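Student: structure for the following, please:
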Amino acid sequence: MNRFKGFVCLILIIEVVLVLLCNGIYIHQSQSDTGRLYRVETARVAREIEEQNLTVEQVEAMDLSAYETLVKVTVFRPEETCNNDYVVEEINDNLYRIEYRANRQSNIMIWTNLALVGMMIITVAVLLYVYRKVLKPFHAMSNLSYELAKGNLSTPVKEEKSKLFGRFLWGMDMLREKLEDNKEKELEFQKDRKTLILSLSHDIKTPLSSIELYSKALAEDLYDTKEKRDEALQGIARNVKEIKGYVDEIVTASREDFLNLEVKNGEVYLSAVVDSIQAYYREKLSVVHTDFTVESFDECLLKGDQNRLIEVLQNIMENAIKYGNGRSVRITFEDEEDCKLIHIENSGNELKDEELPNLFDSFYRGSNSHGVKGNGLGLYICKTLMHKMDGEVYAKSGEESFTVTVVVRKA
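Tutor: A predicted model of the protein is given here:
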């Protein structure tokens, strides 16, 4: 802020100096030119009077319109006052007063100064506008992102009437509210998770104790008949199954809370989704010299969430790039009853057929994922999102290709 004030002062000083400099140069030039001009014209009119031997009456009646600086020529009378500058010349034994105006262009100088002052006023007005509408609001919110980064989410963002920052601050306040809401959800989730863990830990203790007792009895050979040993083994199996049920509850709860995949179903044009994928991957695949083909399709209206459907296709495209051989990726389309099928096929396939049923499980990574970064959630997210959009996704393995098909319902 202080730098801007210093900059404003510097601009104003430079403009004032320029105004003074221009005035000085103009005045000096004007005086110099006018001085030479009136002396020349005075000599000319004196020579004309002398050569033509004009009488006093003829001299005083002379037409001086051809002279720029001369005003009037009269007989010099010392007792008369004169408002103009003049020189006295002796011509033909008579003294003549030749009056002149040395500053005939003073109006030009006035208008020039007015223009320069106007420019200064406009400059000051622009700088004041920038200060009040841009710099001052920006300075007031300069610590906003820093406070948000520190986690200070409870203080609302002060509204700003400025057209430049009003929408920005509104968006930042929406972001703050979203972060605060997510923070509250996270705290609630942590609380629920701890409660769940404590509850399940307590519940698991009972079957674990039973397993421990059965195992100890079997180890010490306390059961003297085969029927009792079989009953103990059945008891262990029953308690193991109960523990597995508790573990499945933990996994299911963790998936739902961790992913939090919200879908806003509506209607979306197929072209809007495909154009977005093409715009993103056309250049990306050309850089790695992968042939990218999108076959023609008939426009139609689909049911679902446009952003989520794009996310599904992006996840599949990323898998095609990571796990294919890099030669080609192709998108084709097919109609089936009231659904549109979007096939994404990549060349190259090292996946075993028996792995296909597990591909869409969370955290599952195929045998072809060695050395490739990932967390095994991409296809699981795709399946979860498509189910929430009343659609489906499945994979098909070929000898030299791998295809993932997205099934979207038509509107």
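Student: tell me which stretches of the stretch 1-150 of the chain form helices.
Tutor: Ranges of helices in the stretch 1-150 of the chain, per DSSP state H, counting those that start in this stretch, are 2-52, 56-60, 106-130, 136-140, 144-150.
Student: ditto for the stretch 251-400 of the chain
Tutor: Ranges of helices within the stretch 251-400 of the chain are 270-287, 306-323, 378-388, based on DSSP H, counting those that start in this stretch.
Student: and the last one, what's its mean pLDDT?
Tutor: Going back to what we said before, that points to helix 378-388. If you average the pLDDT over helix 378-388, you get 90.
Student: then the second one?
Tutor: For helix 306-323, the per-residue pLDDT values average out at 91.
Student: what are the buried residues along it?
Tutor: By 16 or more other CB atoms under 10 Å, the buried positions in helix 306-323 come out as 306, 308-310, 312-317, 319-321, 323. (C-beta placed from N, C-alpha, C; glycine too.)
Student: kindly report the same for the shortest one.
Tutor: Neighbour counts using 16+ other CB under 10 Å place Gly378, Leu379, Tyr380, Ile381, Cys382, Lys383, Thr384, Leu385, Met386, Lys388 of helix 378-388 among the buried residues.
Student: just the angle for it relative to helix 306-323, thanks.
Tutor: On the basis of axes from the mean of the first three to the mean of the last three CA atoms, to 10 degrees, helix 378-388 is oriented at 150 degrees to helix 306-323.
Student: hmm, who's touching helix 378-388?
Tutor: 259, 261, 263, 265, 305, 308-309, 311-312, 315-316, 318-319, 359-364, 392-393, 395, 404, 406-408 (CB atoms under 8 Å, 6 or more residues apart in numbering).
Student: how near is the closest residue in space to Leu18 that isn't next to it in sequence to Val16?
Tutor: Ranked by CB to CB, 6 or more residues apart in numbering and with sequence neighbours excluded, the top spatial neighbour of Leu18 is Leu116, at 7.6 Å. Separation of Leu116 from Val16 (CB to CB, to the nearest Å): 10 Å.
Student: repeat that for Met174.
Tutor: 47 Å.
Student: next: Asp230.
Tutor: Per CB to CB, Asp230 is found 107 Å from Val16.
Student: quick one: the top helix by length along the chain to chain centroid distance?
Tutor: For the chain, the helix with the greatest residue count under DSSP state H is helix 166-219. Relative to the centre of its chain, helix 166-219 is centred 36 Å away, using CA atoms, centre = their mean, to the nearest Å.
Student: for that helix, name the packing helices and strands.
Tutor: Contact analysis of helix 166-219 by 3 or more CB pairs under 8 Å, 6 or more residues apart in numbering; DSSP states H and E lists helix 144-150, helix 226-259 as its packing neighbours.
Student: circling back: just name the most buried of the helices of the stretch 1-150 of the chain.
Tutor: Mean neighbours per residue, mean count of other CB atoms under 10 Å, is largest over these for helix 136-140, with a mean of 15.
Student: just to revisit the earlier point, so which of the helices of the stretch 251-400 of the chain comes closest to Leu127?
Tutor: helix 270-287 (41.6 Å; CB to CB).
Student: relative to helix 306-323, how tilted is the closest one?
Tutor: Helix 270-287 runs at 30 degrees relative to helix 306-323, counting by the same axes, to 10 degrees.
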